[in-house]
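> need a 3D model of the sequence below.
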Amino acid sequence: MPIARQIRMFIVDSYTTDSESEDDIETFDLRSITSVRALPVATTKAVSSNVGVLSSSAHRVSHCRTSYTNALDSLVAEKKRHEVIVAMETELNGGSGGADVTSRGEGAELCCSHTGNFAQQLERLKPQKEEIGQEVAGEKVFDTNSNTLDTVSLAGCGFATSKGVFDELLQTASDDEELLSCLLLDDTISSYFESFSCKPAVMRWLFLTMSVQKNPLLVQAAFNNLHSILSSEADVYKLSLSFVDIIRLFLNYRLKPHLLRPVLTLADVADDVLSPGVQHQDAADETGANEKLAFSYNLQYVLQVLTYIFKRNTNSCEIASHEKAALVILLMLVALETRLDLLVIDLLQRCIVAVLNTFLPAEWPNMVCEMCCWAPELACKQTSWLQIVDTCPSSNRGLQLQQCLSFTFLQLLLQLPPQHLPAVRPNDVLQLLLQNKHSTLINRGYPVMYNALQLMDRCVGNERIGLQDKASLEQCVQLLRLDIGSRIKEKATYLDPTRVKDLIIRVTSKWLLMCHAVPSKKVLTCRV
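This is a model prediction of the structure:
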């Protein structure tokens with residue numbers, strides 16, 4: 001039978017079998033038959049001779065679609081996927097939307113069984129707010145950005161006018177800014193200092209002029225003249241300053257008076273003594289958090305002069321031992337100011353070193369306990385306590401004072417009655433940990449633990465330890481690592497426990513290195 005007739009009969013049969021629904025015929029495509037098998041070469045002519053018949057048959061089905069995309073299984077799968085998506089959106093939005101859960105199919109039921117835990121899982125994955133490092137160290141110690149006094153009277157410094165030429169010239173220049181500039185910039189005062197009649201008053205006037213002048217050139221010129229006089233080879237000129245004069249100087253920079261309570265109590269100074277020469281006026285603070293103070297330049301030279309005075313001669317200032325201790329507390333209070341630059345902080349530490357070295361060896365232990373007693377009254381924040389401790393210089397007495405202050409602050413942090421010690425050993429830290437039984441340290445929170453670990457590190461210090469301290473320090477390492485550190489559970493969403501554990505590892509690792517550096521005790525035996 002010819003191939004064209006076979007094709008024609010196949011088409012007729014397909015129409016007759018599916019005559020109930022015309023839509024089923026739409027899926028038929030003539031091209032699919034030709035792609036099923038290749039035609040034999042012998043029948044090529046027969047096919048070409050019946051092209052008209054094929055074309056007429058193809059014309060009958062030309063209105064049908066050429067692709068089939070509405071299979072029943074694909075429609076059912078798409079419907080199920082849509083129901084699952086709708087169910088998930090409805091549950092995550094917090095409501096069922098009034099639809100029956102059982103009518104959403106098997107996929108929706110499976111989704112509903114797991115969506116109940118979505119809120120709890122999201123809550124566990126939500127990052128917690130960090131507490132360590134959020135509190136800013138330091139405080140605003142000064143009220144405003146300007147000093148109270150702009151000029152200093154020469155007569156107010158105790159200068160008595162005489163008939164000398166230089167005395168009259170200086171008296172005139174103290175009221176004339178232009179003439180004063182000429183005298184200071186030309187070093188006239190230091191060059192002809194022998195010609196003045198009241199030399200201590202002139203030196204005092206130069207010091208106060210340097211502390212209040214707003215012109216930087218005049219400030220430096222006054223410092224150069226005063227430094228030249230103090231460093232003269234004769235070594236007979238001494239700047240006479242009292243502790244009250246230094247207090248008034250900082251009050252002139254508008255230091256908050258209520259912060260001076262521990263300083264005045266330690267120095268045994270009455271409040272009414274500070275009132276002459278200082279007139280406080282209520283003024284708003286116009287400086288920002290990072291703005292430099294206007295009197296910072298004056299303060300640099302004031303600190304340099306004070307440092308030079310205490311270094312040159314310990315008896316050059318008429319200041320008692322308890323007043324020197326109060327001066328150290330005052331300088332630590334000034335160092336808490338957040339708007340001071342690093343140069344002023346360095347000069348403050350140098351001045352503290354000079355003052356600490358003036359204490360006699362017999363009175364030094366008592367003065368350490370006095371400073372540890374009143375230093376916590378300067379600030380209430382734990383970060384400010386750390387800043388006070390870090391203000392201590394790196395000299396021998398400065399490091400000893402740092403250890404004692406750290407031990408005092410650590411006891412207050414652990415809510416224990418402070419015991420002021422003139423010297424702190426690793427055994428003192430160990431007894432404090434054993435006495436506390438770790439309960440307060442763990443229950444107070446991670447910020448308290450973090451600050452307590454830093455204070456412990458400063459209590460031990462960085463210096464070489466002796467053989468008697470090695471066992472105590474090793475036991476401290478075991479308590480921190482095996483007891484306290486093991487109770488801290490780290491979380492991926494909360495970084496504070498990780499910071500505390502990291503600090504424990506760093507501190508204890510340094511302590512272990514200090515223990516390894518201690519030489520072991522060797523027993524020498526002699527053979528006969």
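> which residues of the stretch 351-500 of the chain score low on pLDDT?
The model of the stretch 351-500 of the chain has pLDDT under 70 over residues 437-440.
> the helices in it, which residues?
364-374, 382-391, 396-413, 426-436, 439-443, 446-460, 467-478, 496-516 (DSSP state H, counting those that start in this stretch).
> would you turn those helices into TSV with mean neighbour count and distance to residue 89?
C-beta coordinates here come from the backbone N, C-alpha and C atoms, glycine included. TSV is the format used below for the helices of the stretch 351-500 of the chain (neighbours: other C-beta atoms under 10 Å; distance: least, C-beta to C-beta, whole Å):
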stretch	mean neighbour count	distance to residue 89
helix 364-374	18	65
helix 382-391	21	48
helix 396-413	22	51
helix 426-436	17	54
helix 439-443	14	44
helix 446-460	21	39
helix 467-478	16	55
helix 496-516	17	36
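> now those in a markdown table, with distance to residue 355?
As requested, the helices of the stretch 351-500 of the chain are exported to a markdown table (distance: least, C-beta to C-beta, whole Å):
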| stretch | distance to residue 355 |
| --- | --- |
| helix 364-374 | 10 |
| helix 382-391 | 13 |
| helix 396-413 | 10 |
| helix 426-436 | 26 |
| helix 439-443 | 35 |
| helix 446-460 | 21 |
| helix 467-478 | 29 |
| helix 496-516 | 30 |
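> among the ones you listed, which comes closest to residue 214?
Nearest to residue 214 among the helices of the stretch 351-500 of the chain is helix 382-391 (27.7 Å), distances taken as C-beta to C-beta.
> grab the nearest non-local neighbour of residue 366.
Beyond its immediate neighbours in the sequence, the residue positioned closest to residue 366 (C-beta to C-beta, 6 or more residues apart in numbering) is residue 422, lying 7.7 Å away.
> over to residue 386?
Using C-beta to C-beta, 6+ apart, the nearest residue to residue 386 is residue 454, at 6.1 Å.
> can you tell me how far the one you found is from residue 252?
To residue 252, residue 454 is 35 Å away according to C-beta to C-beta, to the nearest Å.
> for residue 181, find the nearest of the helices of the stretch 351-500 of the chain.
helix 382-391 (36.3 Å).
> elements contacting the closest one?
helix 321-335, helix 342-356, helix 396-413, helix 446-460 (3 or more C-beta pairs under 8 Å, 6 or more residues apart in numbering; DSSP states H and E).
> got these as a markdown table, with distance to residue 506 columns?
Output for these, formatted as a markdown table (distance: least, C-beta to C-beta, whole Å):
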| stretch | distance to residue 506 |
| --- | --- |
| helix 321-335 | 26 |
| helix 342-356 | 25 |
| helix 396-413 | 17 |
| helix 446-460 | 9 |
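> residue 132: which of those is closest?
helix 446-460 (5.1 Å).
> name the helices or strands packed onto that closest one?
helix 382-391, helix 396-413, helix 426-436, helix 439-443, helix 467-478, helix 496-516.
> let me have these in JSON lines, extended by distance to residue 303.
Converted to JSON lines, the helices and strands packed on helix 446-460 look like this (distance: least, C-beta to C-beta, whole Å):
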{"stretch": "helix 382-391", "distance to residue 303": "13"}
{"stretch": "helix 396-413", "distance to residue 303": "16"}
{"stretch": "helix 426-436", "distance to residue 303": "34"}
{"stretch": "helix 439-443", "distance to residue 303": "38"}
{"stretch": "helix 467-478", "distance to residue 303": "36"}
{"stretch": "helix 496-516", "distance to residue 303": "33"}
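> residue 364: which of the ones you listed is closest?
helix 396-413 (7.1 Å).
> just the CA atoms of that closest one, as CSV, please.
The C-alpha coordinates for helix 396-413 follow below in CSV (Å, rounded to 0.1, in the frame of the first residue of the first chain):
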residue,chain,number,x,y,z
ASN,A,396,58.3,52.6,90.5
ARG,A,397,56.0,54.5,92.8
GLY,A,398,53.5,55.1,90.0
LEU,A,399,53.2,51.3,89.4
GLN,A,400,52.9,50.6,93.1
LEU,A,401,50.1,53.2,93.3
GLN,A,402,48.4,51.7,90.3
GLN,A,403,48.4,48.2,91.9
CYS,A,404,47.0,49.6,95.1
LEU,A,405,44.3,51.6,93.4
SER,A,406,43.3,48.7,91.2
PHE,A,407,43.0,46.4,94.3
THR,A,408,40.7,49.1,96.0
PHE,A,409,38.5,49.4,92.9
LEU,A,410,38.3,45.6,92.5
GLN,A,411,37.0,45.3,96.1
LEU,A,412,34.4,47.9,95.4
LEU,A,413,33.5,46.2,92.2
